[in-house]
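Chemist: sequence plus the predicted model coming up.
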Amino acid sequence: MDMDSASSVVLQALTQATSQDTAVLKPAEEQLRQWETQPGFYSVLLNIFNNHMLDVNVRWLAVLYFKNGIDRYWRRVAPHALSEEEKTSLRAGLITNFNEPVNQIATQIAVLIAKVARLDCPRQWPELIPILLESVKGQDGLQQHRAMLTFYHVTKTLASKRLAQDRRLFQDLASGIYSFACSLWSHYTDCFLQQIYGRDEAAALNSLERTLLSLKVLRKLTVHGFQEPQQNAEVMGFLNAVFERLKQFLECCRQVGPDGTCREKLEKMIILYTKVLLDFLEYHPCAFIPLIQRSLEFAVSYVFTPAGEGVTFERFIVQCMNLIKMIVKNDAYKLAKNIEDNKPENLEAHEIKTAFFTHPTLTEIGRRLVSHYFLLTEEELAMWEEDPESFAVEETGGDSWKYSLRPCTEVLFLDIFHNYSQTLTPVLLDMVQKLQGPTNVDDSVQLLMKDAVYNAVGLAAYELFDNVDFDQWFKNQLLGELQVSHHRYKLIRRRVIWLIGQWISVKFKSDLRPLLYEIILSLMQDPDLVVRIETATTLKLTVDDFEFRTEQFLPYLESIFGLLFQLLQQVTECDTKMQVLHVISCVIERVNNQIRPYVGCLVQYLPLLWKQSEEHNMLRCAILTTLIHLVQGLGAESKNLYPFLLPVIQLSTDVSQPPHVYLLEDGLELWLVTLENSPAVTPELLRIFQNMSALLELSSENLRTCFQIVNAYIYLSATEFLQNYAESLCHSFSDLLKDITNEGQVQVLKVVEIALKVSPILGAHMFQPLLPAVFRGIVDGERYPVVMSTYLGIMGRILLQNSSFFSTLLSQMASESRQKVDQLLGVVIEMWVDRMDNITQPERRKLSSLALLSLLPSDNSVIQDKFCGIVNICVEALHDVMTEDTETGTFKDCMLMSQFEEPKLSEDEEPPTEQDKRKKLTHRFPGHCSSHSLPLLTGKYTHVT
């Protein structure tokens, strides 16, 4: 088929692929997918999207298919890779002209050229950069812009390569074009400034677009194009010029006003300038040292003095604050603890900072941060009234300080306070002193100021530890503030309860906790929702604190838990419900089974909340976490939750259901604690295990929890469980053992060992397919000690508790290896005795000793030959498990347990779960009961013939 025919066929398919009718769309997409690997397909696509007469949607789709094809088939090693001839032709076609009239398509073409450049430039495509530069110099406005756009995307892509060789190539490129890029940026900037002051806004907008692109190129070249940029006069000249240009553009903002047509792009431009400085500081802190003084003067001037009034905007203030923060916090600008470790650049940077951050400067910055930037804004106060839940749970964590003003100001305050606490502590304490006593509810300015100052004291809690007697302040001042019930005073009630939460883990006497619980009880009934949500958060911090004492909290538990439940019902937003659920979970976790009398309402409400949150998987995760703690608190009584609990576990752990992506980890944890606290197995609980095969196939990071769940089922009801699921488990374990780490292998085998421990006869029968591999591992002398120890543990249990099965297995293995049974038994015993040191746990050492001792009564000559070795390891094991009884002066086996023995719990220990009790019963098996006491060396010994 010739090119014209191919073009018409592909064009038709692309046209159909833009259809809204799926009957037309799907076959066209399938046809295009089949053509992806055909020679010449991408040449046809190139011709189509370069033809400006065709429909825009068709051309757009052609560009996207071309771009995706680069990712899949451009590399030489890719399956169905494009031929070198076609790639050469395509590269030439991509840069023939830069006259794309549609902006969106032009951007996509620029991106796909950059993708090719990443793989081929400069070696296979040396002409790309020269052609781009030549086109940028042209007189045609459209061509110039499109070339600049492509130049930027190519530079950005090449700068992102991180291999040493690629970085060297980019540095060579940067040194070759840096002068041109600088002159281009300078030229467009001057043009823009002339045009904007000449009121020619249309021309100014065009020039500004080009200035923006040229600065984006310069940013990448400056930050990534030089190993030692401080040695390059042009680079440092450009960076110094940035400050002047920033001032000019900020003045332009004043000239243009907030509604000017250029305003949006002007702000973008200003932010881009600050990004140049921030990136350079991040990647080249030492090269930035000559710019520290100027950066601090510039940022502090615009953010903390009247110079910024009327010209700054929020994102610019955030960037300036981040610049100050990065300079203050940068490790390269701090002195080392040992004077001799300081480098000249450390000393220079430290001296510049010290000279700049004088006492008056720091005082002004500290006061301005608190008294200006910490004040709640009109927008925030309006949000409090109109959308209290969004206000109360506004996201301020993570990297939000990089982009949002409030978290940014708080992080800057913390960093400056930490580094200059001696200067700033008296300043903050003075501000607190001036606000002592209740504030007039009609004085909104003072209320906002007090809120801001208390915010600062909360943020700096750790720094103020030695300077503030918080207990006295709490009793003498804060307590009174919380008792002012006027609705305008809600600002202070909310801030004070937040402040207590910040100080609770820093300095708050245990004796004051009951008083705090009374306050929490009162504020949980506050008319204002924001105050109630903030109180719940402080409750979580209080309950989660190291100094928390359950007995102090119990008198308030019923009332507070009831109010928490009310709050959970009152809030409507998903995020708020999650936050309240986390508080409830925390309370349940800390008081454990003492919560039982008070959870009735919550237990009735959670099914409804689960149903309502069908579209909110993160809320469902919070519900799962609450259920985990609820089951742990209820213990065996959790069986009453099964009608709701088991379907929840079923859905959360079913990998065929889409929500499992979010719910699986918490769902598995809930499944495990449900089993651990279950008094008896139920058919429904057993049925959920059908989900396990698919989970084991995933081999994900949740595999360990899956094994714990299997173990819990074995402890709960070994007979029923193994009869129903041992076959599928064996199949899953066989697949896992083919491709798993040694640690994973041990986890699989521990399941088998527990099955043998709980049910020796049935366990051996059900896991029979896995045992030959264990036997071979012992015979071959498995070289990983932990794996060998597990092998010997399994075989020891079989030998001691199911000797007939051991005989059968020995005969089977002898037949397979074409050896005599006695000969193979001799090899096993010899390896067992030799590798006894691999076993580190005393229980397993004793088990192995008992297992080998059980062979001795036999008159088999092979066993008799190994007599000395067996007795020798038994004596060693005896030493391991014997301890002296201080009362009688005699020695006894420390692993023997009396059936009447009940371990005593300390105050901090949690009561045993149902599974803990079941595990205790298994201690009646070998190793823990008197019929298997090593010192006596007696018992029923098995004859192996």
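Modeler: Perfect, I can see it now.
Chemist: quick one: find the helix or strand in the protein with the lowest mean pLDDT.
Modeler: Sorting the helices and strands of the chain by mean pLDDT, DSSP states H and E puts strand 891-893 at the bottom, at a mean of 67.
Chemist: what about stretch 117-124, start to end distance?
Modeler: Terminal residues of stretch 117-124 are spaced 9 Å apart (CA to CA, to the nearest Å).
Chemist: got the contact list for it?
Modeler: 70, 74-75, 87, 91, 125, 128-129, 154, 157-158, 160-161, 169, 173 (CB atoms under 8 Å, 6 or more residues apart in numbering). Backbone N, C-alpha and C define where each C-beta goes, glycine included.
Chemist: may I ask which of those residues has the most neighbours?
Modeler: Val154 (26 neighbours; other CB atoms under 10 Å).
Chemist: does that one sit in a helix or strand, and which one?
Modeler: helix 141-159 (DSSP states H and E).
Chemist: how about Ile519?
Modeler: With DSSP H and E as the criterion, the answer for Ile519 is helix 513-523.
Chemist: tell me the helix or strand right after that helix.
Modeler: By DSSP H and E, the next helix or strand past helix 513-523 is helix 529-543.
Chemist: domains in the chain, as residue ranges please.
Modeler: Structural domains annotated on the chain: 596-678+691-698, 882-939, as defined by the TED database.
Chemist: kindly reformat those as TSV containing distance to Ser759 and mean neighbour count.
Modeler: Formatted as TSV, the domains of the chain follow (distance: least, CB to CB, whole Å; neighbours: other CB atoms under 10 Å):
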stretch	distance to Ser759	mean neighbour count
domain 596-678+691-698	17	18
domain 882-939	10	13
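Chemist: did I read that right, Asn467 in a helix?
Modeler: No: assignment of Asn467 by DSSP: H, G, I helix; E, B strand; the rest coil gives coil, placing it outside any helix.
Chemist: show the contacting residues for it.
Modeler: Applying CB under 8 Å, 6+ apart, the residues near Asn467 are 425, 429.
Chemist: so for it, what pLDDT did the model give?
Modeler: In the predicted model, Asn467 carries a pLDDT score of 91.
Chemist: also His80?
Modeler: Looking at His80, the pLDDT reads 88.
Chemist: likewise Glu884?
Modeler: 69.
Chemist: cool, and the one 5 residues further on?
Modeler: Note on Gly889: pLDDT of 68.
Chemist: what does Ile416 give?
Modeler: 95.
Chemist: try Gly398
Modeler: 69.
Chemist: use 26 as the first number from now on
Modeler: Sure, I'll start numbering at 26, so the last one becomes Gly423.
Chemist: before we move on, back to that, among the domains of the chain, which gets the worst mean confidence?
Modeler: Minimum mean pLDDT among the domains of the chain: domain 907-964, a mean of 59.
Chemist: how long is stretch 361-371 end to end?
Modeler: OK, stretch 361-371 end separation, CA to CA: 8 Å.
Chemist: low-confidence ranges in the stretch 376-525 of the chain?
Modeler: 420-423 (pLDDT under 70).
Chemist: helices along the stretch 826-970 of the chain, start to end?
Modeler: 828-842, 846-859, 867-878, 886-890, 892-906, 939-947 (DSSP state H, counting those that start in this stretch).
Chemist: now the angle between helix 538-548 and the helix or strand Val521 falls within, please.
Modeler: Using DSSP H and E, Val521 falls within helix 515-528. In terms of direction (axes from the mean of the first three to the mean of the last three CA atoms, to 10 degrees), helix 515-528 departs from helix 538-548 by 150 degrees.
Chemist: let's have the domains of the chain in JSON lines, adding distance to Leu747.
Modeler: JSON lines is the format used below for the domains of the chain (distance: least, CB to CB, whole Å):
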{"stretch": "domain 621-703+716-723", "distance to Leu747": "13"}
{"stretch": "domain 907-964", "distance to Leu747": "15"}
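Chemist: for those, which one sits closest to Ile864?
Modeler: domain 907-964 (12.3 Å; CB to CB).
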